[in-house]
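Engineer: below is the structure, and that's it, no one-letter string:
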């Protein structure tokens with residue numbers, strides 16, 4: 001809010017429309033107090049924020065930042081993450097700091113899960129000023145990028161036995177196991 005506890009004084013005069021000499025007045029005081037404005041996210045996309053992160057990155061990898069603001073200059077915003085799909089526990093794999101920065105808590109694996117859906121909630125500190133705390137939410141979608149699988153000189157070795165004769169064009173299979 002732009003107006004904070006302003007006081008205005010005025011005199012109200014009532015005059016009879018027929019006999020203008022009949023009039024009366026009263027002094028009034030008007031107090032305009034602050035109200036708590038809710039925080040808002042800067043993102044207006046109905047699908048919310050969308051971020052990508054490479055798989056197998058170390059913990060504390062920055063995924064992205066959600067931006068929120070509040071018209072109240074005194075407001076101190078806090079952020080939390082929760083599951084978009086209740087009970088999915090997807091939010092447990094990420095953290096969010098006081099600036100809205102979302103980070104991984106551990107390595108993510110594309111083959112385990114490629115897309116995570118979260119809800120970011122921003123809450124003001126209205127209770128500190130005698131108001132109710134207000135908040136806003138936004139959906140956050142995090143896509144895990146599949147890392148290309150390449151093998152170099154330290155490739156694993158394979159051992160096993162051929163079951164059946166396999167020639168070019170034949171249908172057959174090879175059973176193998178990976179070591180190291």
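Structural biologist: Cool, the structure landed. Because the structure is predicted, anything quoted here is derived from the model rather than measured.

Engineer: quick one, strands of this protein?
Structural biologist: Along the chain, counting by DSSP state E, strands occupy 6-15, 23-32, 40-41, 49-54, 62-65, 68-69, 78-83, 94-96, 101-104, 115-123, 135-145, 157-163, 173-179.

Engineer: any stretches of this protein with poor pLDDT?
Structural biologist: 1-5, 149-180 (pLDDT under 70).

Engineer: ok, now which ones touch residue 83?
Structural biologist: Counting by CB atoms under 8 Å, 6 or more residues apart in numbering, residue 83 makes contact with 89-91, 117-119. Where C-beta positions appear, they are placed from N, C-alpha and C, glycine not excepted.

Engineer: which of those has the most neighbours?
Structural biologist: Counting neighbours by other CB atoms under 10 Å, residue 118 leads these with 27 neighbours.

Engineer: that one against residue 95, yeah?
Structural biologist: No. If you go by CB atoms under 8 Å, residue 118 and residue 95 don't touch, sitting 11.0 Å apart.

Engineer: so the spatially most central residue of the chain bridges to which residues?
Structural biologist: Most central in the chain under CA atoms, centre = their mean is residue 120, positioned 3.0 Å from the mean C-alpha point. Following DSSP bridges, residue 120 is listed with bridge partners residue 81, residue 138.

Engineer: and it, how far from residue 99?
Structural biologist: Between residue 120 and residue 99 the distance is 12 Å, computed by CB to CB, to the nearest Å.

Engineer: and for residue 69?
Structural biologist: Taking CB to CB, one finds residue 69 at 12 Å from residue 99.

Engineer: excluding residues flanking it in the chain, which one is nearest residue 90?
Structural biologist: residue 116 (4.6 Å; CB to CB, 6 or more residues apart in numbering).

Engineer: repeat that for residue 127.
Structural biologist: Nearest residue to residue 127 in three dimensions, chain neighbours excluded: residue 133, at 5.3 Å (CB to CB, 6+ apart).

Engineer: tally of neighbours for the one you found?
Structural biologist: The local packing of residue 133 (other CB under 10 Å) involves 14 other residues.

Engineer: does it touch residue 124 like I think?
Structural biologist: Yes. Residue 133 is in contact with residue 124 according to CB under 8 Å; the separation is 6.0 Å.

Engineer: find residues that contact each of residue 118 and residue 95.
Structural biologist: Common neighbours of residue 118 and residue 95, counting by CB under 8 Å, 6+ apart, are 81, 102.

Engineer: I figured residue 6 hits residue 31, correct?
Structural biologist: Yes. In this structure, residue 6 is within contact of residue 31 by CB under 8 Å, at 7.5 Å.

Engineer: higher neighbour count, the two?
Structural biologist: Ranked by neighbour count (other CB under 10 Å), residue 6 and residue 31 place residue 6 first, with 11 against 8.
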